[in-house]
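Trainee: Build me a model from this:
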Amino acid sequence: NEQNWSQEVATDPVGGLVAGARANVPTGIGWFSITAEGTYTQRGGDAMLDDEVVAGAGESSPIRADYITISVYPRATAWLGPVRIHLTTGPTLDQLVRSRLDPALVPVLEDATSTVFAWTAGVGLGATVTRGVVAEAELRIVEGLGDAYSGPFISLRNRSIELVGRVGIPWPPNRKRR
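Mentor: As a prediction, this is how the structure comes out:
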């Protein structure tokens, strides 16, 4: 997770957790489906603000936020033998659950936005592990389209690069052919 500030601010990215559930719904077109996902997501960054700009900021000022994230996006899948590769892209909505700011940043970032819109794009690999279990790994980027925090003269947006692992049950279940 990292943050893009509206003005030049040095930042360090930080790690966070993404945990949730998803459904991949077939459309009737074999390679095309729609994915809906709900997750608990941690975003944030460490800002390195000059003490002359923000009194008391020190060397590193942490910003952390927890969100309930909802994403719905189309998914294109190609089969390479037993392995599937997929591409996804679509809108994401982050609903703020909890915000934690370094106290020195409170005058600079007065408002934590309760609902933030973003765009997600990802690529992944998957395979059937057993008849009733599939496993996937996905690398994706989530780019904030709206401000996550704002103040009188500065704002910031979130950007996350996420590595997601999934284990699930395929739907519809395998049926015997007649």
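Trainee: and the helix or strand of the chain with the lowest mean pLDDT, which strands flank it?
Mentor: The weakest-scoring helix or strand in the chain, judged by mean pLDDT, DSSP states H and E, is strand 10-12 (a mean of 85). Strand 10-12 has its sheet partners listed here by DSSP bridges as strand 32-48 (antiparallel).
Trainee: quick check, distance from the partner strand to the centre of its chain.
Mentor: 2 Å (Cα atoms, centre = their mean, to the nearest Å).
Trainee: Need the contact partners of the least confident helix or strand of the chain.
Mentor: Strand 10-12 is contacted from outside by 2-3, 5, 45-48, 60, using Cβ atoms under 8 Å, 6 or more residues apart in numbering. Glycine gets a C-beta too; all of them are placed from N, C-alpha and C.
Trainee: and what of stretch 124-135?
Mentor: With contact meaning Cβ under 8 Å, 6+ apart, stretch 124-135 is reached by 82-86, 88, 136-140, 164-170, 173-174.
Trainee: swap the cut-off to 6 Å and go again
Mentor: 82-86, 136-138, 167-170 (Cβ atoms under 6 Å, 6 or more residues apart in numbering).
Trainee: Would you mark the buried spots in it?
Mentor: Using 16 or more other Cβ atoms under 10 Å as the test for burial, stretch 124-135 gives 124, 126, 134.
Trainee: Which residue comes closest to L87 once chain neighbours are left out?
Mentor: A76 (5.0 Å; Cβ to Cβ, 6 or more residues apart in numbering).
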